[in-house]
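Chemist: One predicted model, sequence on top.
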Amino acid sequence: MTPLSLTLRRNPFARIDMSPLTPDRLAGLGRDAIARIMLACGRQRIRVSELFDIAGRDASLLRIRRATVQLFRVGFQMQSGSVEIAGNAGDNLGERIQGGEIRVRGDAGEWVGASMLGGNITVQGNVGDRAGAALPGQLIGMKGGLILVVGNAGDRVGERMRGGTIVTLGDTGSYLACRMRAGTIIAMGRTGPHIGIGMRRGTLVMGRKPAAMPTGFRSAGALKMEFLRLLFKQLGTVQTRLALFRSFGPEAIRMAGDLSVGGKGEILVLLNGSQGQTK
Amino acid sequence: MLIKLTNGTIFDPVHRLDGEQRNIFMENGRIIRAPASTRKIDREYDISGHVVMAGGIDIHTHIGGGKVNIARILLPEDHQRDPVAPSPHRRGGSGHVVPSTFVTGHRYAEMGFTACFEPAMLPANARQAHMEMADIPIVDAGAYVLMGNDDFLLQLLSQGADQSLITDYVAWTIRATQALGVKVVNPGGISAFKFNQRRLDLDEQHAVYSITPRSILQSLCTAVHELGLPHPLHVHGCNLGIPGNDVTTLDTIAAVDGLRMHLTHVQFHAYGKEGDRKFSSGAARIAERINGSPNISLDVGQIMFGQTITASGDTMLQHREAKHAHPKKTVIMDIECDAGCGIVPFLYRDKNYVNALQWCIGLELYLLINDPWRIFLTTDHPNGAPFTSYPHLIRLLMDREFRLEMLAALHPAARAHSILSSLTREYSLYEIAIMTRAAPARSLGLHDRGHLGVGAAADVVVYRPRKNREEMFSRPRFVFKDGKLVVQDGRITDSPAGVVHRVTPEFDGSIERRLQRYFEKFHTVRLGNFRLGDDELLGYGRTALSTHPCRPG
């Protein structure tokens, strides 16, 4: 069966809540049933068929073409299957996703993988603020799964993160890994100020030395860490795109903190990371 | 428009109508005498066999003022989980335990409630509280102004000022904030908390001002009595939630010396400290005393199991409870040195001994206190449970079998420690009409609400009789507000604005000179801007101000 594809006809006048359209929710539905699904568009509700040209049948691979930033909450709480987005995705891409895969060719908005529990999200372009962070009111952010951002990420990547992995190959904004509880963030590009504020546990791996020593952290010197070798080896098997990490050695400067909150987190600055410029 | 409700079964305790068949006529928002037979009836509703009551009145529900907004901000997930879509007759909104203003008004109306009263309006928050309440559609509103922890009053008391000065200050505050009554929360305790006291018993000295909660209580109670306010002093006493506070509650009743007093959310003030767990029910002792004290009225503050959020001016209490927060987040703050604000989300669990016993204590109070004219139905929304659980609570009171069924699921030790299973009382529809309509209206001095007599406001609710009282009370057939049909079969059909209820006691204006100096020196707002004028109040969108007379002396 051919993958189900939804082609956006024109840029909608307001944001569209895409949460009803995930592979698991569409499984078993005929084309007509899909066409009749109502989507919230601003204050109105619009049929899928009015917004999209529908082709193909197999909902386990959902292709959204000519996507724009008006499409938000793509892959909301999805559990299985995969979603490919040609174009840009709006905010809350993969919010609370539990399994399956989302790939975006272009950019994505804020809250990518917010409070996510599992699954994979790959964004080829840039993402906005708060990737993998906690949704408003939530005390913990991302708990599991993998977010890969090939481009740049905004502020507060992995805020209050509790598990899983975030990899950003480009630059990141301020407050990287702030209030982190557990999990792993790998940031290969340039980073902004206020790294790891309020970090309790977890690991932040940095490809470049930060511009200044993060407040609240103390250096434990350069160490050879077997953990890094294992981490990179594992990552290489998850995604071909991450195979490049195999060349990075296990030597890193380890910084511990955030000591101002009695944190036991660590920042590992790779000693040979910057040569492997990845972009 | 002349509306006729034909052959309803009327429950109107004010006119001693206990299930009698009558017709009701409404015109221009009022209930009228049967018109001449020549007059044309514009709209007739045949409601034979249906139960008819006046619109419900909630005497104690936190629906306005800063703390409600803080509670909303603290629990965004509550709003994400419960969105309400707009329709032609209602605006959208969200929230379950602290719904947004529109949803609050609509959900109250959907249950047949047409008036709600905010019990804890801080003077400094009065403007915002009235604006927020004006946003609540359909229902009438009013507020009790919070006193007893503000420095001006505490200073007066500690200097041994004359009672007449204090009475003037109370009256000035009511006028300035457009209140309907006066409430005191943990008298002196919120202030003492700021000076590092973590408990303040009824006769314990405040660390800075040489006064005790007893003296504050007596002085405010006297002031309310002298001003002749319809609603007695609304008291949230000392030691809320502390085992052994049943004794404090009995002492508080004795302290006012026969003056009228309203004790609020007594369930939280009726804990003994007997048994292995040092937590037991004091309901029987308190009920006995209240049955013998005709000057005391109360509302219960029943808890219901599930997620809710507690919002109180009592920072001393909320600081102590913060360790039980679920989810784990809290706000404890001061507000303009008037009093405080403590917000603690809470999950009441039926398998938890303390929570299960709290549930039993509330019901014991309802069933042991004989006079429904002095006990009002509340959950202290949202502190015990959101107000949407009233129909469930009514069923618990009216249906013993259902009560026992619910009781059977509770923590076994709590069951064993409660006399609830031995209480056979079942409330009648007449008694429910008293405790949710007639009695609160009388207590608040709302002469034209809470009954269906000629001249009363046409707030009328028509229920389909059902054996399951929860279903019956959660979905009235018709609800009329001031003669307008606002709900039909659980659907909102119109969203008119309600009125504001208030009192305007007289006082000696010379108090303003003193207050002027105090405001200049300590306040963030000038006295002239602090006062809330009538025009301003109406400008927020209310249809009218309903002023209720005071009877001094």
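Modeler: Now that the structure is in, tell me what you want to look at. Not measured: the values here are computed from a predicted model.

Chemist: Return the residues of chain A in contact with chain B.
Modeler: A:43, A:135, A:136, A:137, A:138, A:139 (CB under 8 Å from any CB of the partner chain). (Each C-beta comes from the backbone N, C-alpha and C, glycine too.)

Chemist: Can you tell me which of the residues you listed are classed as buried?
Modeler: By neighbour count, with 16 or more other CB atoms under 10 Å in any protein chain shown, the residues of chain A next to chain B hold A:135, A:137, A:138 as buried.

Chemist: The nearest residue to the last one once chain neighbours are set aside: what's it in contact with?
Modeler: Spelled out, it's residue A:138. Spatially, and ignoring its direct neighbours in sequence, residue A:138 is nearest to residue A:115 (5.4 Å; CB to CB, 6 or more residues apart in numbering or on different chains). In this structure, residue A:115 makes contact with A:95, A:96, A:134, A:135, A:138, A:140, A:141, A:142, A:143, judged by CB atoms under 8 Å, 6 or more residues apart in numbering or on different chains.

Chemist: Look at residue A:115 and report its pLDDT.
Modeler: Residue A:115 carries a pLDDT value of 93.

Chemist: With adjacent residues omitted, what lies nearest to the residue of chain B found nearest chain A?
Modeler: Here the residue of chain B nearest chain A is residue B:76; by CB to the nearest CB that distance is 3.4 Å. Of all residues not flanking residue B:76 in the chain, residue A:137 sits nearest, at 3.4 Å (CB to CB, 6+ apart).

Chemist: Surely that neighbour touches residue B:80?
Modeler: Yes - assessed by CB atoms under 8 Å, residue A:137 is found in contact with residue B:80 at 7.3 Å.

Chemist: re earlier: quick one: the residue nearest to residue A:138 is in a strand?
Modeler: No - per DSSP: H, G, I helix; E, B strand; the rest coil, residue A:115 lies outside any strand segment and is coil.

Chemist: Phi first, then psi, for it.
Modeler: In terms of degrees, to the nearest 10, the main-chain angles of residue A:115 are phi 50, psi 30.

Chemist: Distance of it relative to residue A:71?
Modeler: When distance is defined by CB to CB, to the nearest Å, residue A:115 is 19 Å away from residue A:71.

Chemist: swap in residue B:526?
Modeler: Using CB to CB, residue B:526 is found at 51 Å from residue A:71.

Chemist: And residue A:40, by the same measure?
Modeler: Note on residue A:40: its distance to residue A:71, by CB to CB, is 12 Å.

Chemist: Check whether the residue nearest the centre of chain B sits in a helix, strand or coil.
Modeler: Central residue of chain B (CA atoms, centre = their mean): residue B:60, 0.4 Å from the mean position. Following three-state DSSP, we place residue B:60 in the coil state.

Chemist: Contacts only, for residue B:545.
Modeler: For residue B:545, the contact set (CB under 8 Å, 6+ apart) comprises B:178, B:499, B:500, B:502, B:534, B:537, B:538.

Chemist: Redo the residues you listed as JSON lines? Include pLDDT and neighbour count.
Modeler: As requested, these are exported to JSON lines (pLDDT from 0 to 100; neighbours: other CB atoms under 10 Å in any protein chain shown):
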{"residue": "B:178", "pLDDT": "96", "neighbour count": "27"}
{"residue": "B:499", "pLDDT": "94", "neighbour count": "19"}
{"residue": "B:500", "pLDDT": "95", "neighbour count": "24"}
{"residue": "B:502", "pLDDT": "96", "neighbour count": "22"}
{"residue": "B:534", "pLDDT": "93", "neighbour count": "13"}
{"residue": "B:537", "pLDDT": "92", "neighbour count": "19"}
{"residue": "B:538", "pLDDT": "91", "neighbour count": "15"}
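
Chemist: With neighbour numbers in mind, choose between residue B:526 and residue A:71.
Modeler: residue A:71 (28 against 11; other CB atoms under 10 Å in any protein chain shown).

Chemist: quick one: low-confidence ranges for the stretch 51-200 of chain A?
Modeler: Along the stretch 51-200 of chain A, no part satisfies pLDDT under 70.

Chemist: From start to finish, how long is stretch A:119-133 in a straight line?
Modeler: 15 Å (CA to CA, to the nearest Å).

Chemist: Stretch A:79-94 now?
Modeler: From its first residue to its last, stretch A:79-94 covers 10 Å (CA to CA).

Chemist: Same check on stretch B:9-25?
Modeler: 14 Å.

Chemist: can you pull the buried residues of that stretch?
Modeler: Across stretch B:9-25, burial judged by 16+ other CB under 10 Å covers B:9, B:10, B:11, B:12, B:13, B:14, B:17, B:22, B:24, B:25.

Chemist: would JSON lines of those residues with distance to residue B:157, secondary structure and pLDDT be doable?
Modeler: Converted to JSON lines, those look like this (distance: CB to CB, whole Å; DSSP: H, G, I helix; E, B strand; the rest coil; pLDDT from 0 to 100):
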{"residue": "B:9", "distance to residue B:157": "52", "secondary structure": "strand", "pLDDT": "97"}
{"residue": "B:10", "distance to residue B:157": "49", "secondary structure": "strand", "pLDDT": "97"}
{"residue": "B:11", "distance to residue B:157": "45", "secondary structure": "strand", "pLDDT": "97"}
{"residue": "B:12", "distance to residue B:157": "44", "secondary structure": "strand", "pLDDT": "97"}
{"residue": "B:13", "distance to residue B:157": "40", "secondary structure": "helix", "pLDDT": "97"}
{"residue": "B:14", "distance to residue B:157": "39", "secondary structure": "helix", "pLDDT": "96"}
{"residue": "B:17", "distance to residue B:157": "47", "secondary structure": "strand", "pLDDT": "96"}
{"residue": "B:22", "distance to residue B:157": "52", "secondary structure": "strand", "pLDDT": "94"}
{"residue": "B:24", "distance to residue B:157": "50", "secondary structure": "strand", "pLDDT": "96"}
{"residue": "B:25", "distance to residue B:157": "53", "secondary structure": "strand", "pLDDT": "96"}
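
Chemist: Out of these, which comes closest to residue B:240?
Modeler: Distance to residue B:240, by CB to CB, is smallest for residue B:13 among these, at 31.1 Å.
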